[in-house]
Every structure is written in C-alpha cells, then in structure tokens.
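Student: Predicted model, plus sequence, below.
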Amino acid sequence: GRGRAGGQRGGTRPVSRPEMVVRLDRDGLLPAIDFIFSRAGCDGALAQCVRSGINLLDDEQRQQALEIADRYLAELSPVDAEVLGADQWRLGIGRGFAAHHAGLLPTFRHAVEELFVRGLVRVVFATETLALGINMPARSVVLERLVKYNGEAHVDLTPGEFTQLTGRAGRRGIDTEGHAVVVWTPQMQVAEVAGLAGARTFALRSSFTPEYNMAVNLIDRLGLDGSRELLLRSFAQFQADRSVVGRARKLDGLRHSLRKVDGELARAAQQRGIEEAVDDDADYQGFVGYMELREDIRRRERELRFARRDDAQLDIGEALAGLKRGQIIGLYGNRHRGTAVVVEPAENIVDPKPMVLAEDGWCGRVGVRDFLNAPEVLGNMRLARHVDRRTGRGRRDLASALRATGVDLPKGKQRKRAAAADDAELARMRAQLRAHPAHRTADDEELVRLAQQRNRLLREVRALDEEIAQRTSELSITFDKVVAVLSELGYLADETVTDAGMVLRSIYSESDLLVSECLREGVWRDLAPRELAAVVASLVYTSRRESAAAADRLPGSAALRGALADTNRIWRDLVEVEMRHGVSPTREPDTGFSVAVAMWASGRSLAESLMAAGEAGQLLSPGDFVRWNRQVIDLLDQIAGCAGPGDGVGRAAIAAIGAIRRGVVAVEIG
C-alpha cells in the first residue's frame, strides 16, 4: 500500500530504493528481505545501495560481519576470490547489505544466510528461491512488484506465491508480528494487493507423473499389477478421483432417471402390444430400437448434408478464384438473377470475391455464399481496358452490351441433388425403418416422447462415463505407455525387469533412459575422463538461452565428437519410440556446458572455465557453474556405480569426478 515504507512523498513518484531502506530502518522494520524477481535486479539493487553510502551497521557489528565473511572467503584461493568479486561482496556485507540468489557462489549464499540470522545483514535483496526451504525469517518482507517472469511470460503473483513470500515476515520468539510491505507504483491497484493478502485457500496440485526409472523400480519390487495398484493409491490419483466427484453424482442421477424411464416405456409398450427390449446391445429391437434407428438416419442425413456443403463450397471457391476478366456467368440469387460479366478477378484465393456487373446494371463482388453450385462460364465479352463501372451511365452501357451478347441464363442450373439420394447406407437404413414392427406406432406421442427421453439420457450417461474414465485413468494410461516403451527396448520382458532394466534402476536423471541406452551400446567406452564429463554434461545441462557449444570447440579427440554424435543418434531413435507410444520425449542433449566442464576437468582456471560457459556473450554465474558441475558429478557417480570400477567407462567416470571436484566446486559448507 502507500503507508510507511511503501509510501510516496507528495503523491507524485514511487519511493526510491535507498529511500525505502532508510525509512524501513527509521521505522524499526529491519531486518528485511526485499524480493526482486531477477538475479540481475538483486545485484543491481545491492550496487545501488552501496553507492548511496547508506550504512546499516555500527562499528562493532561491522567488525563481526567482516570476520564471518572472511571465514567463508578463506575457503577460496586469492585468484578465485578476485574473479568472483569478493571485495565488492565484502563491501556490501560491511554496510549491512547483501544479495541472495541461485547465481551466487554457494559460499556467498551460506555466508549471507548466517549473517542475516545473526542480524549482521540488515537488508537482503533476493529472488523467490529464498522463500523456499531456507530458514531466514525477517521482521519485514518487501515486494517491489506483483509480477514475475515465469520463464515464458510476465505473470501476476498468485495468492499462494504472495503468501509464501510474505510468510518470511515475523521471527518466532523475537517479533510479535511481521510486516509485509508492497512498494507503490502508479500502475498498482490497491484492490489487487488486498485480494492477494486476503486469500486464504490455495489449490494443491500433484505434479507426479510416471517415469522410466520409477517404473522399473516399482515393477521389480511389486510386479506390474502391484505397481498399478500402488499408483491408484497415489495423491495424483486421489486428486483425479476427487475432481470427478461432482460428475459421479450427476452420473448416478442420470442412471436413476434412465431406469425410471425404462420402466415407464416398458409399461407403455406392453399396453400397446409391443414387446419392448431395453438392451443396449440389441440391434434396433423394440420401440426404443426403432427410435434409435430414426435418430441414426437423421444423424446420417446431417453428416451427408455437411459433407456435401463443404465439398460444394470448396468447388465454388475454386471456380470463383479461376474466373477471368470478361467471362460471363449466371447469378441465381433473389436480388440479382441473370447473367453477369466479370470486371475484376478475385484477388484473394482464400476467400475469392470477383467483381461482376449484372445485366440489370448492378455492380458488386460475389462470393461463395452467393452460389449453390460452382459458377459455370457461359460465354465471354470483350471489355475496354478501363471500364466505367462507377457512374450510372457507365453501368447502364455495360449492362446493355452484356445483354447484346445474347448469352442467356440456363434454367435449372442451381438445383442441387441431395447427397442422401445417392447414399446406399442411408437407403438401407430407411428400408429397415419402414419394415420395422414398430413402424405402425411411429405416431404414438407417448411412446415417442419416452423413447426420445431414454435415448437422450443414454447419450448423457455414456458421455459422462467416458469423461470420468478418461480423467481417473490418465495416470494408469501414462504408466502403461512408459511400460510399453521399456518393453519394446528390452528393459522389461514378460512383466519382469531384465538385466538392462537393472542398470536403469540405478540411473536417477531426467535423461535416465538415454543414459542407459548409451551405456548399453558402449558409445562412451573409449573416452578420457574430461571427455566423458563433457558428454555427461550434455545430458544434465539446460541452457537459459538459445545457445550450444559447437562440436569443434570441445577440447578432445575425434572419439569425443564421435561419442556426442552417437549420443544424439541414440536420442533420436529413442524419441521415435516415445512418440510412437505417446510418451513425452526425452529432452535433447545440450552441449552448452560441455566446453566449460571439459576445461575445468582438465585443470584450467575458474576464469577460463566461466568464460567458456558463457551464454549469448554473458558469463555463466558462479553459482550456476558450481551447480552444473555438481550435477555432472552426481550423474558420473551413478554411471560409475552401474559400470563398475573394472569397466573402462566406470574408471573414466571415477577419474572425472576427482578432476571436477576441486576449487569452488569442492568447497563444502558446514
């Protein structure tokens, strides 16, 4: 709102960030977390406050803060500390400011967390990741915007996200209340803030979906039927079942009504001497079957009519698009009937509308809707280069010349033969209707009403039944598709996990099946440790921007380039199998981090490796560099466990882990 730190002076401009910090300090609302939904925004806010000269710590606090910061910096070499901008980071710490986001080195993030808990960092500029899983409660939480970028577009915060962020305000055992401050901007609506703050219920949705590794582990332990049974007890299945509770109640009501109508119809038919068969599988038996046959005939007639109309419109459009200047056609409309000459051909072939002049002097454009059949060229008329169609005299002269050609409008050209007249299936159904025993009671209003009511209820029951089955079985359907892929590729045989499947059991990765396939084919067998690290990096890394390292930039031998080519070939074959079974395809290998990890594993410096990991001309952040390296180590460790220490790939994986786990990547935070 506009009160306190979120206010404005004079009501003419939003509060500046340094001014906001000063007012928070003055009003006793520190320590505070200022959520800014971008890494660059957090770093920029920190730099802005440091430049402003604001100091939130006294001399004693500053000394304590710097001692803690230096303890963390001691883990880094002087060269790495310089590359990481440790001096600038330390300057902010000494004034009570810090940034916190995933792009920072873990050493810096953990130092900030400890300093904030001790009250030695008074303001933290953070992304929303700070609101998840980190115990850093504050007296106040500041939101500078109520919009964030979700990776695809800028979207409004949901009530759940607002509550998650502002839930950091208030320190247990220290503060009796917490403060959530929303910085005012001219575009902000107070009602929007009130709506976010007032919401109290948030939808909890399961993101669970069956995957390859999970499937082979379940089947190995429980068998196929046991795995399906376990899925039926999952929260995702519970949520799917719960979502159709209302539909299930409606279905029960429809079935009750259907049974009631069945009874009424049977009694009415019996009174008229008709033996009624209320059987869904009966072939048009009884009066119900007779009415179903009538409805099927109407449905067939409607389908043929629509098909005939679509074909006719296509033919008419093609004919109109092909008309040329001076050609004479016939008009059969109510307003204009007779011959007409084309004075301007159609310009748009998608919706062709040539301009014509009729023999009654009318001039205008005609389109598909003006014809029942495709217009035929009845003759040709020589036109001057410039036709006077804009004046009444010019149109009259042209109409007179058209009539003088002697071309007449043929009779009966716009009659359409119904498509139903030539349909053998429809003719058979009509004959069956006339021969039906119930045809003699076709005009009985009560029977017709009851039969129509029954057929309508039956259609609703079937449609709702199908919808419920689709919703509640989606999880099982996905699981069965995953099982089908695994069976085709030989990971399952007769509902039993094969030797290849046992390898897949130990691969926990987004590209688990691709890793297992590459191990099976042995395409990584001859790689050096740094080269194996480069290939593995392509299976865990995802570029934040559209970028990927060219193969000729990768330091290594022809064996590395061949291994990458083989990995991509196996990926393409795998995706083909997945698409055939309707499974979401495994993501494509991304070599955007392969150069950097290969250089780092070769012993190159942090500065060189960060430069090699850049995207779109920008250096990869230190935090991301460490995170991706550790993910590569994790997958290499899984590969070493599957291959075994005596295998060439296993030995290369163990050596690669040792080469990567050094410097900033090896720093452990207690």
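Tutor: Good, I have the coordinates.
Student: now residue 94: how far from residue 75?
Tutor: The span separating residue 94 from residue 75 equals 19 Å under the rule C-beta to C-beta, to the nearest Å. Placement of C-beta: from N, CA and C, glycine included.
Student: now the helices for the stretch 1-150 of the chain?
Tutor: Shown for the stretch 1-150 of the chain, the helices assigned by DSSP state H, counting those that start in this stretch span residues 17-26, 39-52, 59-73, 78-83, 86-94, 106-117.
Student: residues near the nearest residue to residue 257 once chain neighbours are set aside, how many?
Tutor: Leaving aside its chain neighbours, residue 257 sits nearest to residue 457 (5.6 Å; criterion: C-beta to C-beta, 6 or more residues apart in numbering). Counted with other C-beta atoms under 10 Å, the neighbours of residue 457 add up to 19.
Student: For residue 457, report the pLDDT, please.
Tutor: Residue 457 carries a pLDDT score of 87 in this model.
Student: Please identify the most buried of the helices of the stretch 1-150 of the chain.
Tutor: Between the helices of the stretch 1-150 of the chain, helix 106-117 has the highest mean count of neighbours, a mean of 22, where neighbours are mean count of other C-beta atoms under 10 Å.
Student: max-length strand in the protein?
Tutor: Looking across the chain with DSSP state E, the single longest strand is strand 337-344.
Student: Which positions within that strand qualify as buried?
Tutor: Neighbour-count burial for strand 337-344 flags 338-344 (criterion: 16 or more other C-beta atoms under 10 Å).
Student: same check, this time on stretch 514-524
Tutor: Residues 514-520, 523-524 are the ones in stretch 514-524 that count as buried (16+ other C-beta under 10 Å).
Student: quick one, domains of this structure?
Tutor: 4-198, 207-272+448-505, 275-443, 508-666 (automatic domain parsing).
Student: distance between the first one and the chain's centre?
Tutor: From the chain centre to the centre of domain 4-198 is a distance of 31 Å (C-alpha atoms, centre = their mean, to the nearest Å).
Student: pLDDT of that domain, averaged?
Tutor: Per-residue confidence for domain 4-198 averages out to 79 on the pLDDT scale.
Student: How about the last one?
Tutor: Rounded to a whole number, the mean pLDDT of domain 508-666 is 86.
Student: quick check, distance from it to the centre of its chain.
Tutor: Taking C-alpha atoms, centre = their mean, the mean C-alpha location of domain 508-666 is offset from the chain mean by 26 Å.
Student: okay, how far is it across that domain, tip to tip?
Tutor: Taking C-alpha to C-alpha, to the nearest Å, the span from the opening residue of domain 508-666 to its closing residue is 22 Å.
Student: any idea of the pLDDT on the residue of the chain most remote from its centre?
Tutor: Checked against the mean C-alpha position of the chain, the extreme residue using C-alpha atoms, centre = their mean is residue 404, at a distance of 65.1 Å. At residue 404, the model reports a pLDDT of 91.
Student: Check the one 3 residues further on too.
Tutor: Model confidence at residue 407, expressed as pLDDT, equals 90.
Student: List the contacts of it.
Tutor: Listed by C-beta atoms under 8 Å, 6 or more residues apart in numbering, the contact partners of residue 407 are 328, 339, 378-379.
Student: For PyMOL, write a command that selects the buried ones of the residues you listed.
Tutor: Selecting only the buried entries of the contacts of residue 407 in PyMOL, with 16+ other C-beta under 10 Å as the criterion:
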select buried, resi 328+339+378
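Student: is it true that residue 513 touches residue 574?
Tutor: Yes. The pair formed by residue 513 and residue 574 meets the contact definition of C-beta atoms under 8 Å, at 6.4 Å.
Student: Spit out the residues that contact these two alike.
Tutor: With C-beta under 8 Å, 6+ apart, residue 513 and residue 574 have common neighbours 489, 586.
Student: Those two: which is more packed in?
Tutor: With other C-beta under 10 Å as the criterion, residue 513 and residue 574 differ in neighbour count, and residue 513 comes out ahead with 28 against 21.
Student: Now name the helix or strand holding that one.
Tutor: Taking DSSP states H and E as the criterion, the element that holds residue 513 is helix 512-521.
Student: between the contacts of residue 407, which is closest to residue 437?
Tutor: Proximity of the contacts of residue 407 to residue 437, judged by C-beta to C-beta, is greatest for residue 378, which lies at 53.7 Å.
Student: need the strands for the stretch 451-600 of the chain, in chain order.
Tutor: With DSSP state E, counting those that start in this stretch applied, the stretch 451-600 of the chain shows strands at 492-493, 496-497, listed in chain order.
Student: need the ones you listed in TSV with distance to residue 41 and mean neighbour count, can you?
Tutor: Converted to TSV, the strands of the stretch 451-600 of the chain look like this (distance: least, C-beta to C-beta, whole Å; neighbours: other C-beta atoms under 10 Å):
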stretch	distance to residue 41	mean neighbour count
strand 492-493	49	18
strand 496-497	49	16
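Student: got the ones you listed as a markdown table, with distance to residue 461 columns?
Tutor: What follows is the strands of the stretch 451-600 of the chain, written out as a markdown table (distance: least, C-beta to C-beta, whole Å):
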| stretch | distance to residue 461 |
| --- | --- |
| strand 492-493 | 37 |
| strand 496-497 | 40 |
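Student: and residue 70, which of those is closest to it?
Tutor: The stretch from the strands of the stretch 451-600 of the chain with the least distance to residue 70 (C-beta to C-beta) is strand 496-497; that distance is 53.3 Å.
Student: Adjacent strands (with direction) for that closest one?
Tutor: strand 492-493 (antiparallel) (DSSP bridges).
Student: distance between the partner strand and the chain's centre?
Tutor: Here strand 492-493 is found 32 Å from its chain centre; the criterion is C-alpha atoms, centre = their mean.
Student: Kindly report the same for stretch 377-396.
Tutor: Its chain's C-alpha centre lies 56 Å from the corresponding centre of stretch 377-396 when counted by C-alpha atoms, centre = their mean.
Student: any idea of the mean pLDDT for it?
Tutor: The average pLDDT within stretch 377-396 is 90.
Student: Go ahead and name everything in contact with that stretch.
Tutor: By C-beta under 8 Å, 6+ apart, the surrounding residues in contact with stretch 377-396 are 323, 325-330, 339, 341, 343, 355, 357, 361-363, 397-398, 401-402, 405, 407, 409-410.
Student: Buried ones among the residues you listed?
Tutor: When neighbours are counted using 16+ other C-beta under 10 Å, the contacts of stretch 377-396 contain these buried positions: 323, 327-330, 339, 341, 343, 355, 357, 361, 363, 398, 401-402, 405, 407, 409.
Student: In the protein, where's the longest helix?
Tutor: Looking only at the chain and at elements set by DSSP state H, the helix with the highest residue count is helix 286-322.
Student: quick check: angle from that helix to strand 337-344?
Tutor: Inter-element angle recorded for helix 286-322 and strand 337-344: 50 degrees (by axes from the mean of the first three to the mean of the last three C-alpha atoms, to 10 degrees).
Student: Give the buried residues for helix 286-322.
Tutor: 286-294, 296-297, 300-301, 304, 308, 312, 316-317, 319-322.
Student: what helix or strand is residue 246 on?
Tutor: Secondary structure here is read from DSSP H and E; on that basis residue 246 sits in helix 245-271.
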